[in-house]
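Q: need a 3D model of the following:
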Amino acid sequence: MADSAETVKKTVEQTAAKAKAQAETFQVAGAKALREGIDKSVASLSELNAHGKKNLDAMVESATVAQKGAEALSQQALGFAKTSWEDGVAASKELSTARSVQEFFELQTNWAKKSMERYMSELTKTNEILTSTVKDSLKPINERVTESVETFQAAR
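A: Below you'll find the predicted structure:
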């Protein structure tokens with residue numbers, strides 16, 4: 001009986017040692033998996049942070065371009081207003097020199113024609129500035145959207 005008790009004791013010790021070794025193996029594997037998961041999460045958060053920074057930079061660049069375009073439009077409008085005022089004053093002086101009603105209407109017609117031509121030219125310039133401003137201000141955002149779509153498609 002002592003031998004059988006000794007055998008049982010040995011079997012229990014061996015089983016306990018195996019269980020302990022397996023528990024340690026599981027613990028090491030679990031710690032390794034947890035560490036890898038945390039590392040992947042940190043890397044993903046870093047990548048997401050970098051992506052967000054690039055998006056913010058694109059928005060800032062877009063706003064800067066839009067602001068410069070607005071300034072150009074403002075300068076264009078002020079220049080046109082000044083020129084129009086000066087042309088109007090000059091036309092008034094010229095109209096006051098008319099010697100007849102017919103001459104007055106001819107001068108007025110010529111001035112109106114020139115004014116309309118200047119207005120159409122100004123409108124074309126304004127349209128060009130506005131078009132290029134919108135195009136240039138949307139470019140950084142479009143580039144970010146394209147890059148984001150490519151990144152997300154590659155991640156699939």
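Q: quick one: least confident helix or strand in this structure?
A: helix 2-96 (a mean of 88; mean pLDDT, DSSP states H and E).
Q: now the helix or strand that that helix is followed by and helix 2-96, what's the angle there?
A: Next along the chain after helix 2-96, taking DSSP states H and E as the criterion, comes helix 101-155. Angle between the axes of helix 101-155 and helix 2-96 is 170 degrees (criterion: axes from the mean of the first three to the mean of the last three Cα atoms, to 10 degrees).
Q: how many other residues sit next to I129?
A: 17 (other Cβ atoms under 10 Å). C-beta coordinates here come from the backbone N, C-alpha and C atoms, glycine included.
Q: next, the contact list for V134, please.
A: G69 (Cβ atoms under 8 Å, 6 or more residues apart in numbering).
Q: what do you get if the cut-off is 10 Å, keeping everything else the same?
A: By Cβ atoms under 10 Å, 6 or more residues apart in numbering, the contact list for V134 reads 65-66, 69.
Q: I'd like the residues you listed as JSON lines, with distance to Q108 and neighbour count appended.
A: Converted to JSON lines, the contacts of V134 look like this (distance: Cβ to Cβ, whole Å; neighbours: other Cβ atoms under 10 Å):
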{"residue": "V65", "distance to Q108": "43", "neighbour count": "19"}
{"residue": "A66", "distance to Q108": "41", "neighbour count": "15"}
{"residue": "G69", "distance to Q108": "36", "neighbour count": "19"}
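Q: which of those residues sits closest to P140?
A: P140 lies nearest to V65 out of these, by Cβ to Cβ, at 7.7 Å.
Q: measure how buried the nearest residue to T83 once chain neighbours are set aside is and give me the count.
A: Closest residue to T83 apart from its sequence neighbours, by Cβ to Cβ, 6 or more residues apart in numbering: R118 at 7.4 Å. Counted with other Cβ under 10 Å, the neighbours of R118 add up to 14.
Q: rewinding a little: make a markdown table out of the contacts of V134 and add distance to E128.
A: Below are those laid out as a markdown table (distance: Cβ to Cβ, whole Å):
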| residue | distance to E128 |
| --- | --- |
| V65 | 15 |
| A66 | 16 |
| G69 | 11 |
